[in-house]
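Enquirer: sequence unknown, structure follows:
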């Protein structure tokens, strides 16, 4: 009997423990379902009410809470409500894109200088007389004895010849000058050294006369100006300065980094392109320079840009294979729609007679149409200008009188002679 009582008590205890455990689990599920962020339980589909009993109303859909809109600026209008928000058909049109930066640059540059803001410096064109002081001093020292002599004699001619040679005019050009001056002295009965110096001034102006215009191609073609020269003469810098001149005159340009053998040259030209707001085309280092120039011409033609300024790798004028490659670049640049109207030889004025040898070789290879003489303000021997124009007949089109972009100016024969040989 006692054993039966014990068994009944144990069974009751087990039954009560099972009911307690079930109740605790049920409460735990309910508590977790009410916690925020807990996944919603799938609501079973509504059962169909049995006949005779009305169906229970469906539970309303859960309300969707929208994130609050970003706070509007204090000065702006209040955000529209959901009812006032425009529909897709009534959405306002997108604002117009801002005008092109290049157009803005052109418009700013067309404004008169008097309307520029305060503190803006208006740069003036440099004068030859102010920048050729070293060359003028050297030639003046050489001609001082001639001017003091007074009467014109054989020693006067000897002193003039020495002065011209020391000024880097060159032997050949000096001999031609003296021959023409002696004929002028006999014809005009020159008797004094001052008259001889005056005749020299007139002869130099005559010899230095030439066409200074940089030509553009005919309508429908893209103009190409090809810049050539040896290393270190300032080709890349000259291209950047010319690009700034053209952009200031309202003409868009494309800069072509045809010097693919020197990565620094392409990087430098890229900086100039950013500075003057010009298009820029470059290739892989060591790539085909002709392909770069061709791509630049195609780029310009597709965008109606009239002018391409093409850089080339610096090369020694004595290297036949490099000069042949330069000929190829010129032929490629001249293919339609491109048209090479200028081949500009950049020469460092401080190189003296070596610059004359460069001009002769490059002219034979690619047909130089004009010379850009850089660093003219840094040399005491300005006679190279006379030598190039006299012996080769190539016009000096641009000269560099300083480091600033504004210091690259069109060559003026009369102003150059006045700066080198003042009348007083």
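Expert: Looks like it came in fine. Please read all numbers here as calculations on a predicted model, not as lab measurements. Residues are numbered from 1 along each chain as shown.
Enquirer: Let me know the pLDDT of the closest residue to residue 209 other than its chain neighbours.
Expert: Excluding its sequence neighbours, the residue lying closest to residue 209 (Cβ to Cβ, 6 or more residues apart in numbering) is residue 413, at 5.5 Å. Placement of C-beta: from N, CA and C, glycine included. You'll see residue 413 listed with a pLDDT of 93.
Enquirer: In this structure residue 413 contacts residue 203, no?
Expert: No: counting by Cβ atoms under 8 Å, residue 413 does not reach residue 203; the two are 11.5 Å apart.
Enquirer: Quick check: residue 146 is in a helix.
Expert: Yes: according to DSSP: H, G, I helix; E, B strand; the rest coil, residue 146 belongs to a helix.
Enquirer: That one against residue 193, yeah?
Expert: Yes: using Cβ under 8 Å, residue 146 makes contact with residue 193 at a distance of 4.9 Å.
Enquirer: any shared contact partners between the two?
Expert: Both residue 146 and residue 193 are contacted by residue 156, under the criterion Cβ atoms under 8 Å, 6 or more residues apart in numbering.
Enquirer: those strands in this protein, which residues are they?
Expert: 222-228, 253-256, 279-281, 307-310, 338-348, 370-374, 396-400, 408-410 (DSSP state E).
Enquirer: Give me the sheet partners of the fourth one and which way each runs.
Expert: Spelled out, it's strand 307-310. strand 222-228 (parallel), strand 253-256 (parallel) (DSSP bridges).
Enquirer: and what of the fifth one?
Expert: The sheet places strand 338-348 alongside strand 222-228 (parallel), strand 370-374 (parallel), with pairing taken from DSSP bridges.
Enquirer: Figure out how far it is from the centre of its chain.
Expert: The chain centre lies 18 Å from the centre of strand 338-348; the measure is Cα atoms, centre = their mean, to the nearest Å.
Enquirer: Next, the angle strand 396-400 makes with it.
Expert: If you take axes from the mean of the first three to the mean of the last three Cα atoms, to 10 degrees, strand 338-348 sits at 50 degrees to strand 396-400.
Enquirer: average pLDDT for strand 338-348?
Expert: Strand 338-348 shows a mean pLDDT of 95.
Enquirer: swap in stretch 376-394?
Expert: 82.
Enquirer: Show me which positions of that stretch end up buried.
Expert: 376-391, 394 (16 or more other Cβ atoms under 10 Å).
Enquirer: got any ranges where the stretch 151-300 of the chain has weak pLDDT?
Expert: Within the stretch 151-300 of the chain, not a single segment meets pLDDT under 70.
Enquirer: What residues sit buried inside stretch 397-405?
Expert: Neighbour counts over stretch 397-405 (16+ other Cβ under 10 Å) mark 397, 398, 399, 400, 401, 402, 405 as buried.
Enquirer: mind checking the end-to-end distance for that stretch?
Expert: 16 Å (Cα to Cα, to the nearest Å).
Enquirer: Ok, stretch 209-225 next?
Expert: Termini of stretch 209-225 sit 22 Å apart (Cα to Cα).
Enquirer: Quick check: buried residues in it?
Expert: In stretch 209-225, counting by 16+ other Cβ under 10 Å, buried: 214, 216, 217, 221, 222, 223, 224, 225.
Enquirer: The residues you listed into JSON lines, with extra columns for distance to residue 297?
Expert: Listed next are those as JSON lines, based on distance: Cβ to Cβ, whole Å:
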{"residue": "214", "distance to residue 297": "17"}
{"residue": "216", "distance to residue 297": "14"}
{"residue": "217", "distance to residue 297": "11"}
{"residue": "221", "distance to residue 297": "10"}
{"residue": "222", "distance to residue 297": "5"}
{"residue": "223", "distance to residue 297": "10"}
{"residue": "224", "distance to residue 297": "6"}
{"residue": "225", "distance to residue 297": "12"}
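Enquirer: which residues touch the nearest residue to residue 163 once chain neighbours are set aside?
Expert: Excluding the flanking residues, the one nearest residue 163 by Cβ to Cβ, 6+ apart is residue 142, at 3.5 Å. Shown in contact with residue 142 (Cβ under 8 Å, 6+ apart): 159, 162, 163, 166, 167.
Enquirer: Can you tell me which of those residues are buried?
Expert: Buried among the contacts of residue 142 (16+ other Cβ under 10 Å): 159, 163, 167.
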